[in-house]
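[1] Need coordinates for the following:
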Amino acid sequence: MVLDKSLVLPQFVDDAGITCTYTEGLLRVEIPIAHPAPDVEYEALIAGLHEAKTEAAAQLADYEQHVQKCKDNVNEAHAALRTAKAAAGPALMRRSQCLAIVPADLSYIGSKEGVAGAQV
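    Model (predicted):
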C-alpha cells in the first residue's frame, strides 16, 4: 500500500537538516526551519530611516531652542514695556495742562443783526 501526501512547507527550510524515521508504524519527519538570510536592501532602508529620524530630531531640537529664544525676547520686551509705562504714567499725570480763558467778542450783543447775521 502506498500513501501519497503532500505538504506545503514554510519558505525558510533547512534542506540539509531534514530527517525521517520510521518506527513501529509511525513515520516521523523532522524539517528544521532555517533563519532567513538578512535582506541587504531592507537593512539599508532601515539604516536610512534611522539616520533621517536622527537628523529630524536634531533639527527639531534646534527649532525648539530658537522658539524658546523668541519667547524669552518677547517676555523681555513686555517687561520693558510695562516698566516704561509704569515710569511714564506718573510723569504724564504730573504734566500741567494750561487752560487759557480768552474774553469773547461780545460786540454783536445789542446789534440788530445778532450772531452770524441773524436779526434780533
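[2] all strands of the protein, in order?
    19-23, 26-30 (DSSP state E).
[3] Quick one: closest of those strands to residue 10.
    The closest of the strands of the chain to residue 10 is strand 26-30. By C-beta to C-beta, the value is 13.7 Å. Where C-beta positions appear, they are placed from N, C-alpha and C, glycine not excepted.
[4] I'd like the average pLDDT over the closest one.
    Mean pLDDT, strand 26-30: 89.
[5] For that strand, which outside residues touch it?
    17-22 (C-beta atoms under 8 Å, 6 or more residues apart in numbering).
[6] Dump these to CSV, plus neighbour count and distance to residue 60.
    Listed next are the contacts of strand 26-30 as CSV, based on neighbours: other C-beta atoms under 10 Å; distance: C-beta to C-beta, whole Å:
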residue, neighbour count, distance to residue 60
17, 11, 49
18, 12, 52
19, 9, 55
20, 9, 59
21, 9, 61
22, 9, 65
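[7] Which single one of those is nearest to residue 76?
    Among these, residue 17 lies closest to residue 76 (C-beta to C-beta), at 73.0 Å.
[8] from the contacts of strand 26-30, which single one is nearest residue 101?
    Using C-beta to C-beta, those come closest to residue 101 at residue 17, 117.5 Å.
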